[in-house]
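Enquirer: Below is the sequence, then the predicted model.
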Amino acid sequence: MAKQQGTAQRLAEQVESLTRLVAADDQAQGEARPLLDLYEVADAVIVEADVPGIGIEHIQVSVAHNQLVIESARPLRRDEAQRVCYLRLERNMAGFHRVVSVPTAIDPNGASARYDRGVLTIRLPKIQDRRRGTRKIPIVP
């Protein structure tokens, strides 16, 4: 039991380390991606993504084959009429594209999303695995 916990802890640490490396690589390449949480509840997978300052009309969400895609095509905010000269521009104004693999079979037709105070919450209902359990098959004469 202790050996399993040690293995699980090492695996969790490796996953965390890899996540940090990927995030650092994205930042180095200038890609902005929303931070998100992905978790399961009894009947669904929930994704919560931070997308502050982006209007709901600029966010697209789609799901197919257990891949969730969150993207924004927000236009650049440079105000040419006022001839703004940015001294520092750190916030991504051009949008983003994020693909998340969902580790559980989900029903794309039952998916829903809501946006509240800069947080996009997506609910993906799970599909019950019909391969488990026993089903009697009637024999037709």
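Expert: The structure has been received and is ready for your questions.
Enquirer: which residue ranges form the helices in the protein?
Expert: With DSSP state H, the ranges of helices along the chain come out as 2-28.
Enquirer: pLDDT below threshold where in it?
Expert: 1-5, 12, 15-32, 74-82, 89, 91-94, 129-137, 139, 141 (pLDDT under 70).
Enquirer: what ranges do the strands span in it?
Expert: Secondary structure of the chain by DSSP state E: the strands cover 36-41, 44-50, 59-64, 67-72, 96-101, 112-116, 119-125.
Enquirer: Packing partners of the second one?
Expert: Going back to what we said before, that points to strand 44-50. strand 36-41, strand 67-72, strand 119-125 (3 or more Cβ pairs under 8 Å, 6 or more residues apart in numbering; DSSP states H and E). Placement of C-beta: from N, CA and C, glycine included.
Enquirer: What of the fifth one?
Expert: Counting by 3+ Cβ pairs under 8 Å, 6+ apart, the packing neighbours recorded for strand 96-101 are strand 36-41, strand 67-72.
Enquirer: Most tightly packed of those strands?
Expert: strand 67-72 (a mean of 18; mean count of other Cβ atoms under 10 Å).
Enquirer: still on that earlier bit, can you say which of the helices and strands packed on strand 44-50 is nearest to V51?
Expert: Smallest distance to V51 across the helices and strands packed on strand 44-50 (Cβ to Cβ): 5.1 Å, for strand 119-125.
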